[in-house]
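Enquirer: missing the sequence, but the structure's below:
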């Protein structure tokens with residue numbers, strides 16, 4: 001089986017390869033093709049992977065290419081993990097938004113819209129090429145904003161694209177852990193959009209354990225999301241929100257945290273990863289050790305502004321364990337390639353799951369995965385406050401897709417203006433102008 005990783009020079013690729021090295025079952029991936037536009041980054045990551053594979057019998061072979069068609073032709077699976085505009089683009093997204101006093105996070109609010117506007121055209125081109133060069137391939141989309149990009153690609157390759165995110169499974173594992181259950185045996189009742197969802201129940205032993213969590217304040221504030229949101233607010237909601245909802249529920253505090261930070265998250269990662277690739281330019285640099293030290297620093301500073309605004313303190317050691325995206329992706333491939341049924345929280349087309357959205361809207365819910373792909377499971381309706389937010393953000397995503405398709409600046413302005421975290425049409429107009437000035441890739445908006 002052959003796997004193509006788009007964005008193969010990206011920093012997180014070794015996590016995926018580590019998962020592949022541990023898979024010894026029949027039908028496993030035996031060939032990995034890394035594609036990236038940057039040959040130097042490809043070379044750096046290939047060196048890390050070579051050190052990972054040392055001493056591992058029958059490790060998947062790794063080849064690199066800067067030719068997209070060559071990478072896609074005849075492959076079985078495609079991981080799309082691209083970052084259009086690179087981390088400099090992410091830093092610009094934050095900078096432009098903060099200048100207007102609104103959030104610039106890469107998937108939420110103004111920053112997420114800007115990232116989507118420059119990523120969707122590229123993702124659509126990839127989907128069209130997959131349809132031509134590897135029509136039987138399955139695309140597993142890592143690329144953010146994951147729900148939006150998955151929906152854009154699904155318009156061209158249907159259900160053969162599946163979006164993944166490690167936030168819901170991480171949340172489920174943390175809650176199961178504090179309740180004393182086995183995370184691998186628990187059913188996570190989770191529903192929403194990517195980075196906009198709620199854990200509403202967690203069952204093991206045939207019983208929903210979430211009421212027990214809400215009944216014990218000390219337990220409720222003992223894990224990452226409990227510290228972020230506080231026991232009182234979680235009990236008011238009757239659910240545990242995805243960590244990214246902190247940007248909605250505590251928006252003023254988070255924006256102020258970003259404004260007061262010495263460096264935004266995007267700028268930090270841009271500089272940190274630049275140092276990593278600079279070190280890797282030296283042939284004698286220890287590839288794996290250099291990469292792992294950088295990874296540890298990256299994980300320790302995740303969502304630092306939100307944790308500071310909430311007074312949540314440092315991340316717990318267990319929250320810095322890797323094993324998110326790559327484990328979900330490997331589980332999808334196993335389920336499809338071997339017809340091994342699995343239940344995973346994924347980004348897929350809605351069909352009839354949430355009656356407030358149309359069939360083609362991509363949502364994030366528990367899915368049953370088998371040789372025929374991912375199938376959303378039935379879920380209870382969302383409460384009113386969550387329904388309003390989901391419908392509002394989905395409407396914004398649709399305007400982003402329309403703007404990317406038509407090249408209409410007016411439609412892009414509408415996308416920004418309608419977002420709950422952008423409070424002015426005039427601000428929306430200035431954001432479009434600011435992002436066009438920062439990103440040559442948005443010149444298509446007229």
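Expert: Done, it's in. Just so it is clear, the model here is predicted, and its values are computed rather than measured.
Enquirer: Packing partners of the strand or helix carrying residue 395?
Expert: With elements delineated by DSSP states H and E, residue 395 resides in helix 384-406, which encompasses its position. The helices and strands touching helix 384-406, judged by 3 or more Cβ pairs under 8 Å, 6 or more residues apart in numbering; DSSP states H and E, are helix 109-133, helix 146-157, strand 187-193, strand 196-204, helix 409-418. C-beta: built from backbone N, CA, C; applies to glycine.
Enquirer: closest to residue 231 out of those?
Expert: Between residue 231 and these, the shortest separation by Cβ to Cβ is 15.0 Å, and it involves strand 196-204.
Enquirer: Name the strands paired with that closest one and say parallel or antiparallel.
Expert: Paired neighbours of strand 196-204 in the sheet (DSSP bridges): strand 187-193 (antiparallel), strand 207-208 (antiparallel), strand 240-241 (antiparallel).
Enquirer: Next, the angle from it to helix 146-157.
Expert: Relative orientation of strand 196-204 with respect to helix 146-157: 90 degrees, computed using axes from the mean of the first three to the mean of the last three Cα atoms, to 10 degrees.
Enquirer: So which of the strands paired with strand 196-204 is nearest residue 418?
Expert: Of all the strands paired with strand 196-204, it is strand 187-193 that lies closest to residue 418, at 14.8 Å by Cβ to Cβ.
Enquirer: How far off centre is the closest one?
Expert: Relative to its chain's centre, strand 187-193 lies at 15 Å (Cα atoms, centre = their mean, to the nearest Å).
Enquirer: Kindly report the same for stretch 266-276.
Expert: For stretch 266-276, the distance to the chain centre is 19 Å (Cα atoms, centre = their mean).
Enquirer: now what about that stretch, what contacts it?
Expert: Stretch 266-276 is contacted from outside by 11, 44, 86-88, 90-95, 104, 106, 263, 290-291, 294, 297-298, 301, using Cβ atoms under 8 Å, 6 or more residues apart in numbering.
Enquirer: can we see that at 7 Å?
Expert: For stretch 266-276, the surrounding residues in contact (Cβ atoms under 7 Å, 6 or more residues apart in numbering) are 11, 87-88, 90-91, 93-94, 106, 290-291, 294, 297-298, 301.
Enquirer: Stretch 87-104 now?
Expert: For stretch 87-104, the external contacting residues (Cβ under 7 Å, 6+ apart) are 106, 109-111, 114-115, 247, 251, 254-255, 258-259, 264, 266-267, 269-270, 273, 421-422, 427, 430-431, 434-435, 438-439.
Enquirer: about what we covered before: dump the strands paired with strand 196-204 to a markdown table, plus mean pLDDT, mean neighbour count and distance to residue 222.
Expert: Output for the strands paired with strand 196-204, formatted as a markdown table (pLDDT from 0 to 100; neighbours: other Cβ atoms under 10 Å; distance: least, Cβ to Cβ, whole Å):
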| stretch | mean pLDDT | mean neighbour count | distance to residue 222 |
| --- | --- | --- | --- |
| strand 187-193 | 97 | 23 | 18 |
| strand 207-208 | 96 | 14 | 19 |
| strand 240-241 | 98 | 25 | 12 |
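Enquirer: what's the closest of these to residue 40?
Expert: Taking Cβ to Cβ, strand 187-193 is the member of the strands paired with strand 196-204 nearest to residue 40, at 35.9 Å.
Enquirer: Is residue 79 in contact with residue 329, as I believe?
Expert: Yes - at 6.4 Å, residue 79 and residue 329 qualify as touching, with contact defined as Cβ atoms under 7 Å.
Enquirer: which neighbours do the two share?
Expert: Shared between the contact lists of residue 79 and residue 329 (criterion: Cβ under 7 Å, 6+ apart) are residues 16, 140.
Enquirer: hang on, the earlier thing: filter the contacts of stretch 87-104 down to the ones in helices?
Expert: 109-111, 114-115, 247, 251, 254-255, 258-259, 266-267, 269-270, 273, 427, 430-431, 434-435, 438 (DSSP state H).
Enquirer: from these, which would you call buried?
Expert: A residue is treated as buried here by neighbour count (16 or more other Cβ atoms under 10 Å); on that basis the buried members of the ones in helices among the contacts of stretch 87-104 are 109-111, 114-115, 247, 251, 254-255, 258, 266-267, 269-270, 273, 427, 430-431, 434-435, 438.
Enquirer: Residue 24 versus residue 235, what's the distance?
Expert: Relative to residue 24, residue 235 is positioned 45 Å away (Cβ to Cβ, to the nearest Å).
Enquirer: And the furthest pair within the contacts of stretch 266-276?
Expert: When Cβ to Cβ is used, the two most widely separated members of the contacts of stretch 266-276 are 93 and 290, lying 27.5 Å apart.
Enquirer: Looking at the two, which is more packed in?
Expert: Set side by side, residue 93 and residue 290 give different neighbour counts by other Cβ atoms under 10 Å, the larger being at residue 93 (28 against 20).
Enquirer: ok, and that one, which helix or strand is that part of?
Expert: The secondary structure element spanning residue 93 is helix 86-99 (assigned by DSSP H and E).
Enquirer: repeat for residue 62
Expert: Taking DSSP H and E as the criterion, residue 62 maps to strand 61-65.
Enquirer: what's in contact with whichever helix or strand comes after that strand?
Expert: Next in sequence after strand 61-65, counting helices and strands by DSSP H and E, comes helix 68-72. By Cβ under 7 Å, 6+ apart, the residues outside helix 68-72 that reach it are 4, 33, 35, 65, 78, 129, 130, 133, 134.
Enquirer: Mind listing what's buried along helix 68-72?
Expert: Within helix 68-72, the residues that count as buried by 16+ other Cβ under 10 Å are 68, 71, 72.
Enquirer: how about low-confidence regions in the stretch 301-446 of the chain?
Expert: Low-confidence segments of the stretch 301-446 of the chain, defined by pLDDT under 70, span residues 301-323.
Enquirer: shouldn't residue 138 be in contact with residue 335?
Expert: No - when contacts are counted by Cβ under 7 Å, residue 138 is not listed as touching residue 335 (10.4 Å).
Enquirer: anything in contact with each of the two?
Expert: By the contact definition Cβ under 7 Å, 6+ apart, residue 138 and residue 335 are jointly contacted by no residue.
Enquirer: All set, thanks.
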